[in-house]
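Undergrad: For reference, the sequence and a predicted model appear below.
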Amino acid sequence: MRKGWKNLGAVVMAMALGMAVLNGCAGGKAQDAADQMEAEASAGDLTDSQPEEGEADEGAAGPETESSSLEADRTKETAPAMEDRDETVYVTGDKVNLRKDGYLSAEVAEVVPIGTELKRTGYSDTWSRVEYDGSTLYISTQYVSTSKPEIPEQVPAGTVLENGGVAVAMDPSWEFADYSKINSGTATLYKSQAADKKGITVCVNAGHGTQGGSSVKTLCHPDGSPKVVTGSTQAGATSAIAVSAGMEFLDGTPEAKVTLAAAKIFKEKLLAEGYDVLMIRETDDVQLDNIARTVIANNMADCHLALHWDSSTNDKGAFYMSVPDIASYKNMYPVSQYWQQHNALGESVIGGLRNAGVKIFSNGAMGMDLTQTSYSTIPSIDIELGDKGSDYSQPTLEKLAAGMVAGINAYFGK
Ligand SMILES: [Zn+2]
């Protein structure tokens, strides 16, 4: 298997010791099934009151540099008068909002990465009117320039990082890559040094951890059909939040911190067991939406596990998000080709967790229509390792990781 190593071709970018040289990225992807309950809590996500959205306007780059009079102009509820322009401009900040109108509380239509080329048709000191993807939108004038910004250099395929991993970016030619809106970040591929190598790559996806991800929406299903099960996103919706922020444990710890800690432990155990590992995220923020994460996994790994904790509070136990038993969903490509594998992987992992002494919720499966599942072309699950009320101490995370490794061994017959 190990398809990852063959596909490194055009997709590797340099990262220095886990610091993405490429800091780009923007868009978002649809909310995952796993996050559905959590999403309820953040139903207001798309308003401008969300702090992360504000940040996007300022660009990731940094401090507000506008004068206060510009700020006043930018925040008033009508677009300023504009001079006509007909020129090409480039986005100079990262994760910059394109809004539906020229004021700060106007709806965000897109979030674009540094270097994005736009046609400017209107100019004022504060806002510029631009054409993007066939739409007329508005961007803060301070984040565009007629000269092209320097964009971090891409390095040749197969570049090995100092930490032994290989940075992997999404190849835009991959199936479903076009559906992703946040994809300037990189995942990292690690090769096992164990004596007994499995020749199998496991994608470990630490849930959440994409700054600005809740201000962008992506299609729930590649065919544009509506969601069939209500989770964080209601059934009937065709688009959902790209990457939600995740819940907070009862002690206030963000879920994204715990999924990351668990992912790192899981990675080490997999490598020791002889598996190669594709880590989607190794820091607090990776600019990869749920679709980008899934597409990279599809092309670089042999199975995909997204780690989450649920938003209930009663420590109800672990379960995986199974493919819901709804014909229209099971008949939709690519779910139609892979749903048995998703469920088989889920059953194996739940079995491994149960044998490791982990409490399991109900029968260990909950049917959910997730973005991840909807775009997966390898065995792929969202695993909820507990909830807001669960212990997430180091020994518990070790136990959970050991159980998941045993489940993967069972799935691949190792
Ligand atoms: Zn989650």
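TA: That came in fine, so what should we check first? Given the structure is predicted, the values throughout are model-derived calculations rather than measurements. Numbers count the residues shown, from 1 in each chain.
Undergrad: For the closest residue to residue 414 other than its chain neighbours, pull up the helix or strand it's in.
TA: Spatial nearest neighbour of residue 414, excluding adjacent residues (Cβ to Cβ, 6 or more residues apart in numbering): residue 198 at 5.9 Å. For every residue, glycine as well, the C-beta is placed using N, CA and C. Using DSSP states H and E, residue 198 sits in no helix or strand.
Undergrad: OK, contacts around residue 198?
TA: 192, 273-276, 412, 414 (Cβ atoms under 8 Å, 6 or more residues apart in numbering).
Undergrad: residue contacts, residue 119?
TA: Contacts of residue 119 (Cβ under 8 Å, 6+ apart): 86-89, 130-131.
Undergrad: mind checking which helix or strand the residue nearest to residue 136 when sequence neighbours are not counted is in?
TA: The spatial neighbour of residue 136 that comes closest, neighbours along the chain excluded (Cβ to Cβ, 6+ apart), is residue 129 at 6.4 Å. Element membership for residue 129 (DSSP H and E) is strand 127-132.
Undergrad: thinking again about what came up before, can you give me the neighbour number for the residue nearest to residue 136?
TA: Applying the criterion other Cβ atoms under 10 Å, we find 21 residues in the vicinity of residue 129.
Undergrad: what's the answer for residue 235, then?
TA: 13.
Undergrad: do the same with residue 380
TA: 29.
Undergrad: Quick check: it vs residue 349, distance?
TA: Counting by Cβ to Cβ, to the nearest Å, the gap from residue 380 to residue 349 is 11 Å.
Undergrad: what residues are shared contacts of those two?
TA: residue 305.
Undergrad: For the closest residue to residue 121 other than its chain neighbours, list each beta-bridge partner.
TA: Nearest residue to residue 121 in three dimensions, chain neighbours excluded: residue 129, at 5.1 Å (Cβ to Cβ, 6+ apart). Bridge pairing for residue 129 (DSSP bridges) gives the partners residue 122, residue 138.
Undergrad: List the contacts of residue 129.
TA: 79, 82, 102, 120-123, 136-138.
Undergrad: which residues in this structure form helices?
TA: Along the chain, counting by DSSP state H, helices occupy 3-6, 36-41, 51-58, 68-75, 255-273, 290-300, 327-330, 335-355, 371-375, 394-412.
Undergrad: Put together CSV for the ones you listed, with mean neighbour count on each row.
TA: Shown next, in CSV, are those (neighbours: other Cβ atoms under 10 Å):
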stretch, mean neighbour count
helix 3-6, 15
helix 36-41, 20
helix 51-58, 17
helix 68-75, 14
helix 255-273, 21
helix 290-300, 30
helix 327-330, 14
helix 335-355, 19
helix 371-375, 30
helix 394-412, 20
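Undergrad: Mind putting these into JSON lines with mean pLDDT and distance to residue 206?
TA: Listed next are those as JSON lines, based on pLDDT from 0 to 100; distance: least, Cβ to Cβ, whole Å:
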{"stretch": "helix 3-6", "mean pLDDT": "46", "distance to residue 206": "18"}
{"stretch": "helix 36-41", "mean pLDDT": "34", "distance to residue 206": "15"}
{"stretch": "helix 51-58", "mean pLDDT": "32", "distance to residue 206": "18"}
{"stretch": "helix 68-75", "mean pLDDT": "52", "distance to residue 206": "35"}
{"stretch": "helix 255-273", "mean pLDDT": "98", "distance to residue 206": "4"}
{"stretch": "helix 290-300", "mean pLDDT": "98", "distance to residue 206": "10"}
{"stretch": "helix 327-330", "mean pLDDT": "97", "distance to residue 206": "26"}
{"stretch": "helix 335-355", "mean pLDDT": "98", "distance to residue 206": "16"}
{"stretch": "helix 371-375", "mean pLDDT": "98", "distance to residue 206": "13"}
{"stretch": "helix 394-412", "mean pLDDT": "98", "distance to residue 206": "12"}
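Undergrad: can you redo those as TSV with distance to residue 228?
TA: Shown next, in TSV, are these (distance: least, Cβ to Cβ, whole Å):
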stretch	distance to residue 228
helix 3-6	30
helix 36-41	12
helix 51-58	29
helix 68-75	41
helix 255-273	25
helix 290-300	17
helix 327-330	5
helix 335-355	10
helix 371-375	10
helix 394-412	26
